[in-house]
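A.B. asks: need a 3D model of the sequence below.
(2 chains)
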Amino acid sequence: MALAKVANLTKAYGDVQAVAGVSFEIQEGEIFGLLGPNGAGKTTIINVLCTYTEPTGGEVVVAGHSVAAEPDAVKRAIGVVPQDIALYADLNASENLRFFGRMHDVPEPVLKRRIDELLQLVGLTEHARKRVEHYSGGMKRRLNLAVGLLGEPRFLMLDEPTVGVDPQSRNAIFENIQALNRGGLTVLYTTHYMEEAEMLCDRVAIMDEGQIIALDAPQHLINSLGTGLIHIGIRDDTDEELLAQLRALPRVRRVTRRNDTLAFETVDAQQALLGIIGLFNETDTPMTSLEILEPNLESVFIQLTGKQLRD
Amino acid sequence: MKKMLHVGLNELLLLCKDRMAIVWMVIVPLVLTFIATLVFGGLGGGEEAVVIDLPVVDHDGGEMAVAVLDILSGTGSLNMETAYDEEAARQLVSQGDRAGALIIPAGFTTAVMSREPTALELVVVPSGQTAPLLEGMVRGISSGFANVQTVVEVAIGEAQRAAGSHELDYEGITSRAVAVAVERLHNPLVDTLVTVVGGDEEGQFDATSQIVPGYAVMFAMFTVLSASGGILEEKERGTFKRLLISPLPRWALLGGKLLAQFVVGVVQIVLLFLFGALVFHISLGNSLLGLLLVTLATCWATTSLGILLVAVIRSRKQIHPITTLVILGSSALGGSWYPLFLMPKVVQQVARVTLVSWAMEGYNRLMILGGSLGDVWVDIGVLVLYGAICFTVGLRLFRFKEA
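C.D. replies: Have a look, this model is predicted:
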């Protein structure tokens, strides 16, 4: 059952099209990733889903409620962990949780227990009375996550929750998310770290320039590349006939030309490379560069866009 | 409503956690008000008048010189120091140890009696702030003696013409006429009566009763408008967004923050008034209810002005210079620093656009003129209206979300 449905969503800021006709569904109980570089439109989609931003067009339904028509019902079903450390630095962890808990309608008799549980979950019980301004970046991120969980949401949205944190805190956040997901929580996770998306997400939508350019389980996306991706730099005057010969080579599944680079999706990168180099030698065609990419989400993104994920 | 109170309480908790904010909100206004009151108002509710030390060198020693000293002493504003010689007196002034020195020339009495030209010499430094006051006093006395000489001369002329002879006792006439004229200088038949209405029990104008409310309003504006800037800070830090995406109505979010600012403003003004009453014994007037209502109306108008400024200003970098300009400009124009009635009529008219002028008019009516609640209804009404306009426009322009 779909907990969130996004249909043909668009959002424009003046002349800038932040999101351009995006559609996807998030199934209840899954961890759904939005992977893409900065500016791809990931945060805008979260902002629309959490009712903060009004879409320019399209239909968005969360937990059975339209974000446009029933924003209050949506707010009660969701938890949001924003990219910013949205905490009061002058207050301690307990005070932050108490205030935001009241804002999320957590009943007073339950609030203290809920605060204790969350502090324990994110490993901050011993630092509960310490002012947030004295926390490390990782501790702040963990408390940021705890605040997002105060209202016991069905659907948790995390916007780049591990930016700038140490490996220990990052692992702690991953463990928290996985544990919460095992408990039935549906998660939308945005990141530009492909390792995180691979490790955490059941399905990933890869975004670029406001559009979803691929959507599947991470392993399916990776498998689509075959066993490896080879990039060879060529000169502008490279013969088109050579390209046809390269496409016909065994173990080469697809060849794409993008300006001065040829991208080869292969069944077996090492064996395919022998045939490719042989053909270049036979035709006396110069190579300007050669790169073999490990099959992963990053290389999927490169294959789809011709750009690095962190560009 | 409960959530709005929680937002307000959280604002107050944040304020309490910020030690520097407390210093700025309470300690700085108290210290500056204290200093301003000492400098401009005089400690002890204006009961002790400022007395200027004035070295006087009397080269004459006659009865007219004594009359000059008597008249000057009688003002109550001068402490006549007669122990210095002329050189020492001139040096005291040139070194800046005294505001001025008076030299009574030899032959002053004779000159007055014989209706010859003479002059009292006042030694002052060019930039001395008290010099105009002293000059005015001495010129007044010189003018008085000149008038005496004129009267005597006219009287003798008239006597000569009436008698048709030169055998009258002119010296005796002169002496008696001068004595009468000098007596008139002490107790003039036509005097100037200065009346200060209202004020404390002694009927004196108490500058402290102007300074304390003036500074209280100014610092309340600083505190409230700075707190308004806190909304921009929250927007930049992301906590405002976090609150917007929680199940919290917008009116409760903004209302809670404004409520806290309003309460802080009221507390600050009340604290400064208590300080003024306890330390400087300022008169709080005859209507505490009037004072409270003027204070509430002032804080309402200030809080509303804050939301208007936050609505039209986009960043924290912009808000500090703009609020400082608004506060200092309206304080100077509106009468926080000087009574409005001392300013030119045109300035008084222009000052009406500031909320400070209405607040100060209300406080002055109650605290200086001893007015009642009925005397400040207009001021309260204008402040409430001022706040309502700022609030409505501010709320209309306020951007809960950026873009």
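A.B. asks: in the chain, which spans are strands?
C.D. replies: If you meant another chain, say so; for now it's chain A. Counting by DSSP state E, chain A has strands at residues A:2-13, A:16-27, A:31-35, A:57-62, A:65-66, A:78-81, A:155-159, A:186-191, A:203-208, A:211-216, A:228-233, A:252-258, A:261-266, A:289-293.
A.B. asks: try chain B instead
C.D. replies: Secondary structure of chain B (DSSP E): strands at B:52-58, B:78-81, B:100-104, B:121-124.
A.B. asks: now tabulate those in CSV and tack on mean neighbour count, mean pLDDT and distance to B:Leu258.
C.D. replies: No exception for glycine: its C-beta is placed from N, CA and C like everyone else's. Putting the strands of chain B into CSV (neighbours: other CB atoms under 10 Å in any protein chain shown; pLDDT from 0 to 100; distance: least, CB to CB, whole Å) gives the following:
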stretch, mean neighbour count, mean pLDDT, distance to B:Leu258
strand B:52-58, 20, 87, 50
strand B:78-81, 16, 86, 54
strand B:100-104, 23, 87, 54
strand B:121-124, 18, 83, 54
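A.B. asks: quick one on the thing from earlier: so which of the strands of chain A is nearest B:Cys16?
C.D. replies: Across the strands of chain A, B:Cys16 has its closest neighbour in strand A:78-81 (28.0 Å, CB to CB).
A.B. asks: now for the closest one, which elements pack on it?
C.D. replies: With contacts defined as 3 or more CB pairs under 8 Å, 6 or more residues apart in numbering or on different chains; DSSP states H and E, the packing partners of strand A:78-81 are helix A:137-148, strand A:155-159.
A.B. asks: and those as CSV, adding mean neighbour count and mean pLDDT?
C.D. replies: As requested, the helices and strands packed on strand A:78-81 are exported to CSV (neighbours: other CB atoms under 10 Å in any protein chain shown; pLDDT from 0 to 100):
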stretch, mean neighbour count, mean pLDDT
helix A:137-148, 23, 91
strand A:155-159, 24, 94
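A.B. asks: export those to CSV and tack on distance to B:Trp300?
C.D. replies: Putting the helices and strands packed on strand A:78-81 into CSV (distance: least, CB to CB, whole Å) gives the following:
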stretch, distance to B:Trp300
helix A:137-148, 33
strand A:155-159, 39
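A.B. asks: of all these, which lies closest to chain B?
C.D. replies: Across the helices and strands packed on strand A:78-81, the minimum distance to chain B, taken as CB to the nearest CB, is reached by helix A:137-148, at 7.3 Å.
A.B. asks: alpha carbons of that closest one, as PDB, please.
C.D. replies: This file holds the C-alpha atoms of helix A:137-148, laid out as PDB (Å, rounded to 0.1, in the frame of the first residue of the first chain):
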ATOM      1  CA  GLY A 137      28.000  18.200  15.000                       C
ATOM      2  CA  GLY A 138      27.200  14.500  15.200                       C
ATOM      3  CA  MET A 139      25.300  14.900  18.500                       C
ATOM      4  CA  LYS A 140      23.300  17.800  17.100                       C
ATOM      5  CA  ARG A 141      22.400  15.600  14.100                       C
ATOM      6  CA  ARG A 142      21.200  12.800  16.400                       C
ATOM      7  CA  LEU A 143      19.100  15.200  18.400                       C
ATOM      8  CA  ASN A 144      17.700  16.600  15.100                       C
ATOM      9  CA  LEU A 145      16.600  13.100  14.300                       C
ATOM     10  CA  ALA A 146      15.000  12.600  17.800                       C
ATOM     11  CA  VAL A 147      12.900  15.800  17.400                       C
ATOM     12  CA  GLY A 148      11.600  14.400  14.100                       C
END
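A.B. asks: tilt between it and strand A:155-159?
C.D. replies: What separates the directions of helix A:137-148 and strand A:155-159 is an angle of 150 degrees, with axes from the mean of the first three to the mean of the last three CA atoms, to 10 degrees.
A.B. asks: give me the neighbour count for the residue of the stretch 101-250 of chain B found nearest chain A.
C.D. replies: In the stretch 101-250 of chain B, the residue that lies nearest chain A is B:Gly238 (3.2 Å; CB to the nearest CB). By other CB atoms under 10 Å in any protein chain shown, 16 other residues sit near B:Gly238.
A.B. asks: please see if stretch B:240-257 touches chain A.
C.D. replies: Yes - in this structure, stretch B:240-257 sits against chain A according to CB under 8 Å from any CB of the partner chain; the contacting residues are B:241-248.
A.B. asks: now that stretch: buried residues?
C.D. replies: Taking 16 or more other CB atoms under 10 Å in any protein chain shown as the basis for neighbour counts, the residues of stretch B:240-257 that come out buried are B:240-248, B:252-257.
A.B. asks: wait, A:Thr51 sits on A:Pro71?
C.D. replies: Yes - in this structure, A:Thr51 sits in contact with A:Pro71. The criterion is CB atoms under 8 Å, and the distance is 4.1 Å.
A.B. asks: related to what we said a few turns ago, please report how far the residue of the stretch 101-250 of chain B closest to chain A lies from A:Gln83.
C.D. replies: Here the distance between B:Gly238 and A:Gln83 works out to 8 Å (CB to CB, to the nearest Å).
A.B. asks: equivalent analysis for B:Thr110, please.
C.D. replies: The span separating B:Thr110 from A:Gln83 equals 95 Å under the rule CB to CB.
A.B. asks: who's more crowded, these two?
C.D. replies: A side-by-side neighbour count of B:Thr110 and A:Gln83, using other CB under 10 Å, places A:Gln83 first with 16 against 13.
A.B. asks: follow-up on the earlier one: determine which two of the residues of stretch B:240-257 next to chain A are furthest apart.
C.D. replies: Comparing every pair within those by CB to CB identifies B:Lys241 and B:Pro247 as the most remote, at 14.3 Å.
A.B. asks: residue of the stretch 101-250 of chain A closest to chain B, please.
C.D. replies: In the stretch 101-250 of chain A, no residue comes nearer to chain B than A:Met103, which is 4.4 Å away by CB to the nearest CB.
A.B. asks: what about the closest residue to A:Ala179 other than its chain neighbours, how many residues nearby?
C.D. replies: Taking CB to CB, 6 or more residues apart in numbering or on different chains, and ignoring the residues beside it in sequence, A:Ala179 has A:Leu121 as its nearest neighbour in space, at 7.9 Å. A:Leu121 has 18 neighbours, counted by other CB under 10 Å.
A.B. asks: how about B:Thr354?
C.D. replies: Taking other CB under 10 Å as the neighbour definition, B:Thr354 ends up with a count of 22.
A.B. asks: pLDDT of the longest helix seen in chain A, averaged?
C.D. replies: Identified as the longest helix of chain A according to DSSP state H is helix A:167-182. Averaged over helix A:167-182, pLDDT sits at 88.
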